[in-house]
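[1] Mind folding the following:
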Amino acid sequence: MAETSSALSWTLISECSIPNDMNDLLVEGEKAIAAYKTLRDSAIFTNRRLIVRDAQGLTGKKVEIYSLPYESINMWSTENAGTLDLNAEVELWTRAGHIKVSLKKGVDIRRFDRLIAEALLK
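    Numbers count the residues shown, from 1 in each chain. Next up is the predicted model:
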């Protein structure tokens, strides 16, 4: 299990279709809204939480699932990529700790920001 005292960090490469097996993780009334490809797996926005699947080891058969309910997010910030920066950045301050998300060039930082805002401010 990840230590929450140090910051968790993920890199999102591109928006992708919602994985077919995602429905196995969703509770009644929860629906997947958007998905992003990570280095080895995906991050999925639902109407209730952010789910990150993290494959581990050489074969990737060991999978850790992070589930971040939106209600646990206290504050967030977004920073678009500059001229020399290749990645945009999102920081989430939660009850569990600090989370950093890097968005590769081509990922729409403002869409990502809207997904968080719509989930938290409704």
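[2] what's around residue 91, how many residues?
    Residue 91 is surrounded by 15 other residues when neighbours are defined as other Cβ atoms under 10 Å. C-beta: built from backbone N, CA, C; applies to glycine.
[3] and the gap between it and residue 8?
    11 Å (Cβ to Cβ, to the nearest Å).
[4] Common neighbours of the two, please.
    Residues within reach of residue 91 and of residue 8 at once, by Cβ atoms under 8 Å, 6 or more residues apart in numbering, are 98, 99, 100.
[5] quick one: which of those residues sit in strands?
    When DSSP state E defines the strands, the subset of the shared contacts of residue 91 and residue 8 inside them is 98, 99, 100.
[6] okay but the last one is in contact with residue 88, surely?
    The one in question is residue 100. No - the pair residue 100 and residue 88 does not pass the contact test of Cβ atoms under 8 Å, sitting 11.5 Å apart.
[7] For the two, indicate the residue with more neighbours.
    Set side by side, residue 100 and residue 88 give different neighbour counts by other Cβ under 10 Å, the larger being at residue 88 (23 against 13).
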